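Asks: Provided below for reference: sequence and predicted model.
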Amino acid sequence: MQYFFKNKSYPIFTDGKLPDLVHVCDISDVNHWIRPMHLHENVTEILFIREGKGSFIIGGKAIEGKKGDILISNCGVLHDERSSADHPLVTYVCGINNFQINGLPYNHLIHENMLPMISSDQYYHIFKNLFELMINEVLTETPGMEETCQYTLCTLVSLMIRITQNSHDANDGETRLLGLKIKDYIDQNYMKEINLTEIAANLYISPFYLAHVFKKEIGFSPIQYVINRRIGEAQNILITTKKPITEIAKMVGYDNPNYFNLLFKKITGMSPGKFRKKHTQTLKSPPAP
């Protein structure tokens, strides 16, 4: 069969400017993968689940992900990632920026009201092959690797847009909006000493109702969310700066560094020092020959 194109395509990206691929990685050898609340200021992240299951919170939406699901975290959106202990996550992840899709804010892949997860369904093997192509190009350092990855990324994004075109999350009830109000308050004050009574007083509701609504909509209790938000921010600071761990503990709300170390290890499975060493070494290591 031969098909003749009519050259009447409708560009996805504003002004035809293609997105930049910031990073791509293969997460397949981590049995205890936990990445608490964190965000990327200028990067939108795409996570494709090849195998296993995981729990996610993206922009205040609690999600259970499984094989074939694609999780999307727009730039500036808080997200939390946790692998199932019984069915560990095996994923591909990439980060992109410097793009704008027609009708969406800058560096956004989906509308903020949409559920930030899509199912690859019949496209599973296509998405898997596209990610594998990018990973293989990076590892082998083939001449022209950057350009190949760039166009592969555009194919991947184009398929995602096709799937999400008519998908909208209609969960806009009162409890949903209240849950987001509580989340916004915590996000603005998580480095301070806050408690349920204080949050409830600011929102004119009872502490019991606050805890019930937040757990239902976000997936964590308010206190658990505060802890994970702090540890997630601490991870970012550990990776991107050389600040002492005691200073980082205070920056995220813990005057007692020993208590901070205890919480960090309980949530991530390793000490702050070990986490910093592991991830800074990974960033500096050259690609495999």
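Replies: That came in fine, so what should we check first?
Asks: Low-confidence bits of the stretch 101-250 of the chain, can you list those?
Replies: Applying pLDDT under 70 to the stretch 101-250 of the chain picks out residues 165-174.
Asks: redo that, cut-off 90
Replies: 101-105, 110-115, 121-122, 140-144, 158, 161-185, 192-221, 223 (pLDDT under 90).
Asks: phi, psi of residue 95?
Replies: Torsion angles at residue 95 (phi, psi; degrees, to the nearest 10) stand at phi -120, psi 140.
Asks: What pLDDT does the model give it?
Replies: Residue-level confidence at residue 95 comes out at 95, pLDDT.
Asks: surely it meets residue 41?
Replies: No - using Cβ atoms under 8 Å, residue 95 is not in contact with residue 41, being 11.4 Å away. Where C-beta positions appear, they are placed from N, C-alpha and C, glycine not excepted.
Asks: These two: which has the busier surroundings?
Replies: Neighbour totals were compared for residue 95 and residue 41, and residue 95 leads with 20 against 9 (other Cβ atoms under 10 Å).
Asks: residues of the helix or strand encompassing residue 229 that come out buried?
Replies: Residue 229 belongs to helix 222-240 when assigned by DSSP states H and E. By 16 or more other Cβ atoms under 10 Å, the buried positions in helix 222-240 come out as 222, 225-238.
Asks: Then stretch 14-33?
Replies: 18-19, 21, 24, 26-27, 33.
Asks: Strands along this structure, start to end?
Replies: For the chain, the strands defined by DSSP state E occupy 20-27, 34-38, 44-51, 53-58, 61-66, 69-73, 79-83, 90-97, 117-119.
Asks: Looking at these, spot the one closest to residue 181.
Replies: The minimum distance between residue 181 and the strands of the chain falls on strand 61-66, with 14.6 Å, by Cβ to Cβ.
Asks: helices and strands around the closest one, which ones?
Replies: Applying 3 or more Cβ pairs under 8 Å, 6 or more residues apart in numbering; DSSP states H and E, one finds that strand 61-66 contacts strand 53-58.
Asks: Please tell me how far residue 196 sits from residue 253.
Replies: 16 Å (Cβ to Cβ, to the nearest Å).
Asks: Give me the residues contacting the helix holding residue 229.
Replies: Contacts of helix 222-240 from elsewhere in the structure, counted by Cβ atoms under 8 Å, 6 or more residues apart in numbering, are 35-38, 78, 80, 182-183, 186-187, 190-191, 194, 196, 199, 210-211, 214, 218, 220, 243, 245, 248-249, 251-254, 260, 263-264, 267-268, 272, 275-276, 279-280, 283.
Asks: 7 Å - rerun?
Replies: Here helix 222-240 makes contact (Cβ atoms under 7 Å, 6 or more residues apart in numbering) with 36-38, 80, 182, 186-187, 190, 194, 196, 199, 210-211, 214, 218, 220, 243, 248, 251-253, 263-264, 267-268, 272, 275-276, 279-280.
Asks: Quick check on the residues you listed: which are buried?
Replies: 36-38, 80, 182, 186, 190, 194, 196, 199, 210-211, 214, 218, 220, 248, 252-253, 263-264, 267-268, 272, 275-276.
Asks: Run through the helices of the stretch 151-289 of the chain in chain order.
Replies: Along the stretch 151-289 of the chain, the segments classed as helices by DSSP state H, counting those that start in this stretch run 174-189, 196-203, 207-218, 222-240, 245-251, 257-268, 272-284.
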